[in-house]
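# sequence below, structure please.
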Amino acid sequence: MSPSDELIVEVATPLGPGRCYVRPAVDPVATLVLGHGAGGGVQSMDLELLARQLPARRVNVVRFEQPWRTAGRKVAVRPAQLDVGWRAAVEQLDELPGFTDRLFFGGRSAGARVACRTAPEFDVAGVVCLAFPLHLPGQPHKSRLPELLTPSVPRLVLQGSNDTFGGSAELVAALDGASGVRVVDLPGADHSFRTARGSALTPAELRATVVAEVTAFVVPRE
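Predicted coordinates:
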């Protein structure tokens, strides 16, 4: 398979079948597994962007579609059940084409939470968080920061400054210098990485930043 090809593999989980959307790299140096958010699927802009761009940079990209989404339901299951589906998929990764054991977890929003919660259970080199939902909009007192702090491996967080689930400045303040977490500010971006007209980053610049930062995080320096 070439980096432009995508393979869709159904995977069995205790909650029913999920799907892995696999984009293999040629001579891969890493595998990045990405989970989607509660309000969208694996077709979200940033997940598709990484799936298209990273294989040419020697990174396999696997986007995991949770069973609730595969079944066509519109409402996500509870966090603990998200973890169950994710674990089952990860345990089958070595059966996928081109898999390399230099493994990174990642995801968008709720998918980032799943990646952080489960990372200590697997041999992962790092976690990529796209729009980590620090709290529900308007509820900063209900922080999910402990989830982001759960892994001991490096974490890369790409966060919009206008994210109503916790903007980049708010997240940096909450971390208060905690080690192992690097926050990349996406000026003017909201939770979906949309930017308003006149924002400091154009949509093209935002996409380029996401690809560059994730590539630098997962591809080993020679």
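# tell me the confidence at Arg197?
On pLDDT, Arg197 comes in at 86.
# now it, what's its secondary structure?
Recorded secondary structure, Arg197: coil (DSSP: H, G, I helix; E, B strand; the rest coil).
# measure it to Gln66 for me?
Per Cβ to Cβ, to the nearest Å, Arg197 is found 34 Å from Gln66. In this view, the C-beta of every residue, glycine as well, is placed from N, C-alpha and C.
# show me what counts as buried in stretch 80-100.
81-86, 88-90, 93, 96, 98-100 (16 or more other Cβ atoms under 10 Å).
# what comes into contact with stretch 36-51?
Residues outside stretch 36-51 that contact it (Cβ atoms under 8 Å, 6 or more residues apart in numbering) are 6, 19, 21, 23, 32, 34, 61, 63-66, 69, 76, 107-111, 130-131, 158, 192-193, 207, 210-211, 214.
# so who does the nearest residue to Ser199 once chain neighbours are set aside touch?
Nearest-residue entry for Ser199: Gly188, 2.7 Å, with adjacent residues in sequence omitted and distances by Cβ to Cβ, 6 or more residues apart in numbering. Listed by Cβ under 8 Å, 6+ apart, the contact partners of Gly188 are Gly160, Ser161, Asn162, Thr195, Ala196, Gly198, Ser199, Ala200, Leu201.
# quickly list what the first one is bridged to.
Think Gly160. Counting by DSSP bridges, Gly160 is bridged to Leu186.
# thinking again about what came up before, ok, so of the buried residues of stretch 80-100, who is nearest Gln53?
Nearest to Gln53, judged by Cβ to Cβ, of these is Gly98 at 16.4 Å.
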